[in-house]
Each structure stands twice: as structure tokens, then as C-alpha cells.
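# have a look; sequence and predicted model below, questions after that.
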Amino acid sequence: MAFFFQELVNGLTTGALYALVALGFSMVYGVLKLLNFAHGDLYMVGAYIGFFVIQWFGGATSLSIPVPLLLVIMFALAGGLVGGLGVAIERFAYRPLRDAPRIAPLITAIGVSFFLENAALLLFGANYRIYNTPDFINAHSGISIGSVTINSVQILVLVMGLILMVGLQQLVHRTKLGKQMRAVAADREAAEMLGVNVNFTIAVTFFLGSALAGVAGVMAGLLFNQVTNTIGFIAGLKAFTAAVVGGIGSIPGAMLGGLMIGLAESFVTGYLSSTYSNLLVFGLLIAVMLVRPSGLLGQAQLQKV
Amino acid sequence: MSLDSPPPAGPQVGSDEWVARQAHRREYLPSWLGSLERASERAGWWPKLAAAAAAAAVLPLLGLGQFQLQVGIDALVIALLAVGLNIVVGWAGLLDLGYVAFFGFGAYGYALVSSGQIGANGIHLPSYLSIALVMVAAAGLGLVVGWPSRRLIGDYLAIITLFFGEAFVEFTNNVAPRTLGGPNGIVSVDPIRLFGYTFTSNQSYYYLLVVVLVVTMGVLRLLDTSRTGRAWRAVREDPLAAASMTIPVNRVKLMAFAFGAAVAALAGTIFAVQQVSVFPTDFDTPILILVYAGLILGGAGSIAGACTGALVVMVIYDGLLRSPTESGYLFYGLILLTLLAKLRPWRRLALVLAATVALGYAVHAIAAAISDSAVAGGPHSTGWIASALRDWVVVPANATVAGNWGFVVLVCLLIALVQVSSPWRAILLPPTLYLASFVWETRLATEAAITRQLMIGAILIVMMNARPQGLLGSRRVEALT
């Protein structure tokens, strides 16, 4: 039974991570109706930024600043820079295509993703960059309940994930900005006619979504300890799955989907074998899509003429 | 600039009169280029296809080496894939991101029934049988994968097909390693044997591919103008309207998937035989993106466009970007051509070029005065480009870090260039051009393998934004909504 609970904790942690990436993805889809294939690569950029922040302050073994401050700087920088990158991508690559046929921005997004992945390869090389998290966050610290341990990195990821998700939910449903976002998502032209600054709203959405991906990238670095230029693709795929399973465009749906995929992956790896975990995740997606094309919490779109 | 060509006489079957007239009222290029354009329009499709086939057939006789021949073969395989993808993406408007899996299915299918992989002695079916079998099976698989397209539209279909593609790679990597070989793939595949002739040399595969590609293009051309072809385009433009015009939308979509899959499988069989082996990594996302880049560059929706685009992309990707000399010609040539085509008036173009040259010599002189090591590297290009650039572009002795920062700044500058208005653009251009040359000489030319991937990504982004109809496609006539 202890094994079960340990896998549960691990699954919840990775699930929170996927949920954060899926949230950003889902938000962007909500306002633009665009599958941002580059979203996973933004996560990868965030992970690299975290790594370079550690290097900047003297490396994992000889940090020149206290660890909490380091974490704050890592998350703030990754969130800010990746958010800015997301806004730049939207401005440069997606905005000119806003009224083009649906297929055009999708193909552009694939191009952006491929470009980012290879730009990272050019800049940072193909080697794995190692965070060495245990050198500055004690892996044995944390909470133990019976034989189940939740180490401090997992606590950090779970708590931050929870705060960000609740914060985002509040932002979207309680603030004026959130109202504008929902208006743009519901009907862009109508929102524009009613005085919503559509370009600004979309830019802010891109900023928030990309920043979430950047923060999730740093978390992944802390949790999995290694970064390379291809981590974005597979994380992006899992985030798509999470967003789609939960119902694309729906924020609680993205969280639910992320947690489900994290748990499924963790249990399959723990009880069966790690070779089949990706296949299973893809299979899960296809099954959900066939049964409920609008996702678990999504609403079916009526086709209007 | 003539608009005076007469409208086509009488109503034509299958083309709306208004659309036909609009398509006919177009501008031609000035002078002899225009008359060439008109002549090519009058010629019809099959003389052009025959001419292209003849040109492709003559090419190996001009003394191509084995390397060039291999590039040609790879290019033809990708062209065949692009032509097949055009059915699904270009005509039916369904974004199929699992297309490469059909290519892989064809390759693996052929390899399984034509090698010692299954059973004690293996299965060695005759080629005509195995190719036909694999194509039919792939079409069946296409129906299965296309099944969700009955309910899912646009983006959802893109995701589900993407997952199908990924699942294929995972499947071949992990499932049944005894039969599929896992990451080691299947080796020693039988050669194709048709009409008593066994294809062994690269030259024979080149010709086989030319014949297959030409026949496929001919068949697809007939398909395009058929009832089914028109139905595909109707479904692409508006499924609801098409359905109300009694077009069986679901069946038409599935047909597009099946035809596309069959063509991909055909390409896969030839690919497997020519390589003599198949590996899971041959059918991963980079190939998919390569095929898309070709299709988009040439123009989705046009057979000739898909084929030409794929050939151009592959010859650049596989051939030119491998040699430092040729990639240098390509890089600087493309920059000059873009400037020539886009920068007007001529006075401004001359000014920008002069400013760039002057800027380079000034920067080089300053850098050399400050420190000798700042200019110690020398350009990475070879030949006369290198000697022309030696005193112009600054290349430090250890250029990696500087080149990396240069790359980041260059991307920012390029984005800024697109955003700012005209006078600023002319001011920003000289430093951008100089920086581009700097980044090329320090990083991009040295990392050719990465550069060509970056180029593919850039093609997709730039083409979609600047010319969504591709190089050869014509802009779609937008009906009033």
C-alpha cells in the first residue's frame, strides 16, 4: 500500500506540472482558437533559464545567495522572460494570420516550435544540462507519513502549482482583465465592438500562458534535474493531451487533465513498465477524443451558420 | 500588365463561371516573362509533366556522383510524400500530422513481407504483390485513422493524427522487438523485382522513383479534376455548404485519408528497399516537418507546387547546406535576391548596400585596432566569398559565445524589422545584414546540421505569413461572407 501512495504522490507532482503547462496552452487556445505547438518549447526555454540562473549565482554546490532567494529569482526570471518571448511570438508569427484560414497559424506554430527547438540546440548544445537540485535542496528533507515521503521539491511544486491554478482561476473569473479574456474567447468581434482592446487582451493571455510554461520548466528542472532541447516536444504533447482530455479552453479541465495524465503515467510506470507509459497516454487521449470529442469538462460547440 | 485576356468561351463543367472569370483576370509579369507565363498556361498539364520527367531522366546522364544521386533519390521520395500529403492537406483541407506514420507503415509493411524477419525462412513475396498489398493495407489504415475526422474538425483532428504519428514511433520502438526489431529496425530487405528486372543500383532506383512520381502526379491530376476532386475542395471550403449540396462529406474526407495514405505507403516501400533497412527514427517528426515545409513552400493545393517545393527544400536541405562553399552562395545569394526583390526605390537599395559595406569595414577596422584576437578567426565560408569577406566581417578567435549572442540579437532585429515602418527599416537594415553575416560566419556555417533544421522552421513561419499560397500556388478567390 505504501508503494501505491508513493506513486500517488509522484503522480500528483508530475500531474501538477503538466497541469500548469496545459493551463497556458488552454488559455491561448481559448482566446485565439490556436493550437500553440510552440508551447512545449517555451517550457524548455524556461528550464534553461532556471539552469543559467543557478550557474550565474555560482553553481549548485557553491551558491552565493540563499536558496529561497534563488528560487524566487529563478521563477521570476523564467516567468518574465518566457512570457515576453510568448508575446513576441504572438506579435510576429500569429497576429498577421488571425483572419487567415485555420490551417495557416497551425502550420506556423509547428514552424515556431521547430525553430525554437533548434535555436536552443544551436545556443546551448545537445548535452544534458544538470540542475544538481540535491546539492542545494536536501532531498531527504520533507514530510514522511509512514513509509511515504514527500520531499521538499515535490512540496514546492505541489504548493506552487496549487497557488498558481487558484490564482489563475480567480484572475479569469473575478477581475476585469479576466472578463475581457472570456469575452474575447467567446466572440472576438463582438468583444471588439463592445470596446475590449482585443490585441492587448490576447497579448496578456499569451504572456500569462507562456509565463506559466516557463515556471513549469523551472519546476521540471528542479524535479527531474536535467534539461535538453528536446524536452519541450514531449512535454508539449502531454500538455495537449491534458488540455484536450479535460476539455480544451476550460481551466478546471486542464487541471483535471494534467493530474489525470500525471497519475496515469506514474501508475503505469510503477506497476507495469516505463516503455508503455507514452503509448498509454496517447491511447488514453484517443479514447477520450472518440467518446467525448469536447473533452471531459468541455462544452460541445454548436455549429452556427 | 494586361487585364484584357478574353474570358474562357462557354461554361466549363466543374468550374464556376464567376470563379473562372476571376481566375482569368489576373496580372501577368511584364515583358518576355509574361509571354512565357501565358505560353505555359496555354500548354496544358501533360506536356509540362512530360517535359519535367524528361529533364529528370536526363539529369543523371550529366555525370552525377553517388552523393548527388542519393540527394536526388531522397528528394524524389519526399516529393512523392508531399504530393500525397497535398491530397489530405491541400485539397481536403484536413490537417494530418500523422502522415509520416503511413510512410513508416509502408516501409515496415514491405520490409516485413520481403525479408527474413517473420518465421524461420521469412516471407519473400513478389514485389508487385507486396507493394500492392502494403498500399491497400495503408489505405485501410488511413480509413481507420481518418475515422475520427467524421466528428472532429480542424484542430482536434490535427492533435489526434499527431498522436497517431507519435504512437507509431513508440510502437515500432517498443512493441514486438522480435518481429519489428525495436530501435535496431529491420535490415536486409529484398530489392524490388519487376518485369524480370531486379533494381539494385542507385541509378535504377532514381529512375524508378521518377517513373512512380510522374505516374502518381498524372493520376492525381485526373483525380483533381474529377468529381471526387471537386468534392474535396468543396469540403475544404465549407463542409456545411458541401453537405447541403448533397456531397457525402464524411465519405469524401475518408477517401482523402485513404488516397494520401496509399501514396505515402508507396513512397515508404521504395524508401525501405533503397535503404535496404528501416528504423523507427526514419519516421519521426523531423521528416513530417520536412514534407510540410516542401508542401507549404511550393503551395498547398497544387500538385506541381507540392512536387517542386519538396524537391527545392530537399536539394537545399540535403545537398547544398552540407558543403560550406555552396551553403555560403545560397545564404548570401538569398539575402541579395530578397533585397533586390523587396527594396524599392533603387536609390534606397544602393544606399543600404553601400551603408552595409561601409559599416563592415568600419567595424572591422575598429575591432582590429582594439585587439588582434577579435579578428583572428576569419570567415568560415570558403572560396571567393571568404576572400571577399576577410577584411569585412569580424570573426573573433573563439567565436562561439559571441556568435550565440549575435544569433539572439539577430532574431530580435529581424522581428523588429518586420514591425517598424519604412524609414526605420532602411536604417535598421545595414546592421541587421552585417549581423547576419557575422552570425553565419561564426555559428550557422559551422553548425550546418542545425542550420538546415532552423531553415525548415523559418520556411514554415515566413511562407505562412508572407505568401500562404506558396511559390507556385495562386491566391484563393475569397467569396463574400
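Looks like it came in fine. Numbers count the residues shown, from 1 in each chain, chains lettered A, B, ... in the order given.
# okay, now the domains of chain B?
Annotated domains of chain B cover B:1-42, B:47-322, B:325-446 [automatic domain parsing].
# need the winner for burial among the ones you listed.
Mean neighbours per residue, mean count of other C-beta atoms under 10 Å in any protein chain shown, is largest over the domains of chain B for domain B:47-322, with a mean of 20. Using the backbone N, CA and C atoms, a C-beta is placed for each residue, glycine as well.
# can you pull out the helices in chain A?
Applying DSSP state H to chain A gives helices spanning A:2-32, A:39-56, A:67-89, A:103-124, A:152-174, A:176-186, A:188-193, A:198-224, A:231-246, A:251-267, A:277-291.
# out of those, which gets nearest to chain B?
Closest of the helices of chain A to chain B is helix A:103-124, at 2.7 Å (criterion: C-beta to the nearest C-beta).
# which strands and helices lie in contact with that closest one?
Helix A:103-124 sits against helix A:39-56, helix A:231-246, helix B:285-298, helix B:400-419, helix B:448-466, with contacts defined as 3 or more C-beta pairs under 8 Å, 6 or more residues apart in numbering or on different chains; DSSP states H and E.
# 7 Å - rerun?
helix A:39-56, helix B:285-298, helix B:400-419, helix B:448-466 (3 or more C-beta pairs under 7 Å, 6 or more residues apart in numbering or on different chains; DSSP states H and E).
# which other helices and strands contact the next helix or strand after the second one?
Towards the C-terminus, the helix or strand next in line after helix B:285-298, according to DSSP states H and E, is helix B:303-314. For helix B:303-314, the helices and strands in contact under the criterion 3+ C-beta pairs under 7 Å, 6+ apart are helix B:66-85, helix B:202-224, helix B:285-298.
# just so I know, which of those helices lies nearest chain A?
helix B:285-298 (5.4 Å).
# please save the CA atoms from the closest one in PDB.
Output of helix B:285-298 as PDB, limited to C-alpha atoms (Å, rounded to 0.1, in the frame of the first residue of the first chain):
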ATOM      1  CA  THR B 285       8.500  14.300 -36.600                       C
ATOM      2  CA  PRO B 286      11.500  15.900 -38.400                       C
ATOM      3  CA  ILE B 287      10.600  14.100 -41.600                       C
ATOM      4  CA  LEU B 288       7.000  15.200 -41.200                       C
ATOM      5  CA  ILE B 289       8.100  18.800 -40.900                       C
ATOM      6  CA  LEU B 290      10.300  18.400 -43.900                       C
ATOM      7  CA  VAL B 291       7.400  17.200 -46.000                       C
ATOM      8  CA  TYR B 292       5.200  20.100 -44.700                       C
ATOM      9  CA  ALA B 293       7.900  22.600 -45.500                       C
ATOM     10  CA  GLY B 294       8.100  21.400 -49.100                       C
ATOM     11  CA  LEU B 295       4.300  21.400 -49.500                       C
ATOM     12  CA  ILE B 296       4.000  24.900 -48.000                       C
ATOM     13  CA  LEU B 297       6.900  26.300 -49.900                       C
ATOM     14  CA  GLY B 298       5.500  25.100 -53.200                       C
END
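# and the angle for it with helix B:66-85?
80 degrees (axes from the mean of the first three to the mean of the last three C-alpha atoms, to 10 degrees).
# name the helices or strands packed onto helix B:285-298?
helix A:103-124, helix B:66-85, helix B:99-113, helix B:303-314, helix B:448-466.
# give the rounded mean pLDDT of the second one.
In other words, helix B:66-85. For helix B:66-85, the mean pLDDT works out to 89.
# when you scan that helix, is anything in it near chain A?
No. Contact of helix B:66-85 with chain A (C-beta under 7 Å from any C-beta of the partner chain) is absent, the minimum separation being 11.7 Å.
# for that helix, packing partners?
So helix B:66-85, by 3+ C-beta pairs under 7 Å, 6+ apart, packs with helix B:202-224, helix B:249-275, helix B:285-298, helix B:303-314.
# what is the burial count for A:V153?
For A:V153, the count of nearby residues is 21 (other C-beta atoms under 10 Å in any protein chain shown).
# scratch that, B:W46
Applying other C-beta under 10 Å, we find 10 residues neighbouring B:W46.
# try A:T269
Using other C-beta under 10 Å, A:T269 has 18 other residues around it.
# contacts only, for it.
A:S277 (C-beta atoms under 7 Å, 6 or more residues apart in numbering or on different chains).
# can you check A:V112 too?
A:A38, A:I89, A:A93, B:I461.
# using CSV, lay out the residues you listed together with distance to A:M160, neighbour count and pLDDT.
Output for those, formatted as CSV (distance: C-beta to C-beta, whole Å; neighbours: other C-beta atoms under 10 Å in any protein chain shown; pLDDT from 0 to 100):
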residue, distance to A:M160, neighbour count, pLDDT
A:A38, 23, 31, 89
A:I89, 25, 26, 90
A:A93, 30, 23, 87
B:I461, 33, 22, 85
